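Trainee: sharing a model that was predicted from the sequence below.
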Amino acid sequence: QVQLVESGGGLVQPGGSLRLSCAASGGIFRINAISVMGWYRQAPGKQRELVATVTTDRTTNYADSVKGRFTISRDDAKNTVYLQMNNLKPEDTAIYYCNAAGYYSDSGFHRPFGSWGQGTQVTVFS
């Protein structure tokens, strides 16, 4: 019921930067609140792992491997979460997935949702 659309992936050399965006849309339903928004990534042959999350009160959590290099932020007016990635390394190469959880309105009822985006490829190469 709530869809996430990611953008901003691409190819970059080590030391470069990329900014990922993810917009949540409820379609015919109204999104009441998004409790937490985050980014995860999955490299070939590896399990999906947490990159960063941000809550409604702007509490953030980062994987140790990206601390000091990545910054997560959100714009509640746009139901959008961003991931600014600086000083990228080859080991950051992965498909990056957006995730969001919250509540939407459906016929007067507040219903919970948890959604994943389709993923966007980030490749860091020399």
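Mentor: Sure, I can see it.

Trainee: list the buried residues of stretch 23-35.
Mentor: By 16 or more other CB atoms under 10 Å, the buried positions in stretch 23-35 come out as 23-24, 26, 31, 34. For the C-beta atoms, the positions are set from N, CA and C on the backbone; glycine is no exception.

Trainee: end to end, how far does that stretch reach?
Mentor: The stretch stretch 23-35 measures 14 Å between its terminal residues, going by CA to CA, to the nearest Å.

Trainee: so how far is it from its chain's centroid?
Mentor: 15 Å (CA atoms, centre = their mean, to the nearest Å).

Trainee: just stretch 99-109 next, same as before
Mentor: Centroid separation for stretch 99-109 versus its chain: 18 Å, with CA atoms, centre = their mean.

Trainee: now the buried residues of stretch 23-35 in TSV, please, with extra columns for distance to D64, pLDDT and secondary structure.
Mentor: Formatted as TSV, the buried residues of stretch 23-35 follow (distance: CB to CB, whole Å; pLDDT from 0 to 100; DSSP: H, G, I helix; E, B strand; the rest coil):
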residue	distance to D64	pLDDT	secondary structure
A23	28	96	strand
A24	27	95	strand
G26	34	86	coil
I31	31	88	strand
I34	25	90	strand
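
Trainee: closest to Q121 out of those?
Mentor: Relative to Q121, the closest of the buried residues of stretch 23-35 is A23; by CB to CB it sits at 18.1 Å.
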